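>>> The following comprises the amino acid sequence and a computationally predicted model.
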Amino acid sequence: MRWYVGVLLMVACAASCAGQEETTPDKGSTADEKVRAILETDPSQLLAAAGWRVESQPDNHTRATAISWTNRSNLAVADLQGQLTYMDESGAEMATVPFTADGEIGPGETKMLNVSADPVAGTPMRSRVHVEKVRILAGR
């Protein structure tokens with residue numbers, strides 16, 4: 001009777017697992033491949049800006065100097081590039097400028113990275129960041 005139950009469980013598993021892709025160490029992880037594809041095409045899905053530092057300049061301009069990032073992927077990344085939108089306190093856009101962030105962020109890590117970005121006239125109170133490109137670090 002026990003072997004019969006075991007066979008039924010194997011048949012049930014085979015039926016419920018049909019159509020699911022099997023992964024092996026040789027083949028690589030399908031989940032890792034999906035994460036890598038997202039990081040290559042739209043890294044903002046997995047990298048979130050959590051805060052920022054700005055520098056006021058004497059000519060009534062303000063410039064972002066650092067952004068805190070959370071890497072929600074299982075891969076380490078570095079050399080972030082994208083667009084930074086400065087906004088006033090009501091959320092109105094003041095300017096959108098390109099940025100680069102130097103340094104690396106490990107899997108699941110939150111880290112402040114120095115950024116290079118053009119200044120904006122006035123004092124932005126908020127920002128929106130869209131990461132367009134990262135370098136994926138191998139073996140991390």
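Yep, that arrived.
>>> Extract the residue ranges of the protein that are flagged as low pLDDT.
For the chain, applying pLDDT under 70 flags the ranges 1-29, 139-140.
>>> Given the strand ranked longest in the chain, what are its sheet partners and their directions?
For the chain, the strand with the greatest residue count under DSSP state E is strand 93-105. Strand pairing for strand 93-105, using DSSP bridges, gives strand 77-87 (antiparallel), strand 110-117 (antiparallel).
>>> among the ones you listed, which is nearest A66?
Proximity to A66, assessed across the strands paired with strand 93-105 by C-beta to C-beta, is greatest for strand 110-117 (5.2 Å). (C-beta placed from N, C-alpha, C; glycine too.)
>>> Give me the nearest residue to the spatially most central residue of the chain, chain neighbours excluded.
Geometric centre of the chain, nearest residue: L47, 1.9 Å, by C-alpha atoms, centre = their mean. For L47, ignoring the flanking residues on the chain, the nearest one in space by C-beta to C-beta, 6 or more residues apart in numbering is V131 at 5.0 Å.
>>> Cheers, nothing more for now.
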